[in-house]
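Q: kindly generate the corresponding structure for this input.
(one chain, ligands or ions: 1)
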Amino acid sequence: MTSSPQPPHLALELLDWFDREGRDWPWRHTRDRWVVLVSEVCSQQTQIARAAVFIEAILDRFPQPADLARAELGELLVLWQGLGYPRRARNLWLTAQRLVELGGWPDDYTELPGVGPYTDAALRCFADEEPIVPPDINTRRVLARCFPEGPPVAADYPLLAERAWHWGSAVMELGQTACRARALCDMCPVRELCPSAGTEEVIASPRQKSYAGSMRQRRGALLRAITDHGHGDFGEDVEAAETLIKDGLARQGGDDGELLLPP
Ligand code: SF4
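A: Numbering: from 1, shown residues only. Take a look at the predicted model:
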């Protein structure tokens, strides 16, 4: 009798650690594509712990794509307030409509508005349990540090295909906790096995432009006024107002041309 080759010890340790200590987010209890998509879209460019409350509120109000497709974008934008990067909300709303039009999910998820290679891979791993580790900055960093010669792949190790969801989640979890840009090797569950333990230089995060005074802040302030009060003053910041209209996140209406939520 031949047995399947086992993945490297470090990969097995990482899986064991995730089984024991992986964080218990609600979306980890399901393989529902809509839940996975909402959680992924909300957590892009946002720390997962901060996004969690928004994910819960959005899924509570829109448990299925059809629920969001029937709603006005403005209702989603109100729930989105505080999460930032509202183009994501519009893409999610357009995706809900597309899913209803199609009557289900397309084979190629990148046909959906706002779904790029990362979100496609996340759906394949976390919903469909395909043996893909979604390639974001966290997972790339973990794999490069733990397996400098190249990560173990499911084609060589059937266990990684059988446990595809766990493997993708474990790598992601380590990148969000111990193996951050500034590696916290002392608290890392695989430090005894990791060839990079204690050797990683601080990798600076890409510098973000200052938020204060940025167009992002100005758009955010205007959108907050509309979602809080139902209308905003177009003339208060014409440039920001025009970008919101162009992105389909607001419209001009009413007698005095106020800025309103989109239909
Ligand atoms: S030991 Fe350090 S470099 Fe290696 S995986 Fe853990 S945190 Fe990352």
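Q: could you give the number of residues near Trp167?
A: Per other Cβ atoms under 10 Å, the neighbour tally for Trp167 reads 26. From N, CA and C alone the C-beta is placed, and that goes for glycine too.
Q: repeat for the one 5 residues further on
A: The number of residues packed around Met172, counting by other Cβ under 10 Å, is 22.
Q: where does the stretch 151-263 of the chain dip in pLDDT?
A: Applying pLDDT under 70 to the stretch 151-263 of the chain flags the ranges 200-209, 255.
Q: where do the helices sit along the stretch 1-150 of the chain?
A: 9-21, 33-43, 48-61, 65-70, 73-80, 87-102, 117-126, 137-146 (DSSP state H, counting those that start in this stretch).
Q: what's the most buried one of those?
A: helix 33-43 (a mean of 23; mean count of other Cβ atoms under 10 Å).
Q: in JSON lines: the helices of the stretch 1-150 of the chain, plus mean pLDDT.
A: Below are those laid out as JSON lines (pLDDT from 0 to 100):
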{"stretch": "helix 9-21", "mean pLDDT": "97"}
{"stretch": "helix 33-43", "mean pLDDT": "97"}
{"stretch": "helix 48-61", "mean pLDDT": "96"}
{"stretch": "helix 65-70", "mean pLDDT": "98"}
{"stretch": "helix 73-80", "mean pLDDT": "96"}
{"stretch": "helix 87-102", "mean pLDDT": "97"}
{"stretch": "helix 117-126", "mean pLDDT": "97"}
{"stretch": "helix 137-146", "mean pLDDT": "94"}
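Q: out of these, the one nearest Glu173 is which?
A: helix 9-21 (5.7 Å; Cβ to Cβ).
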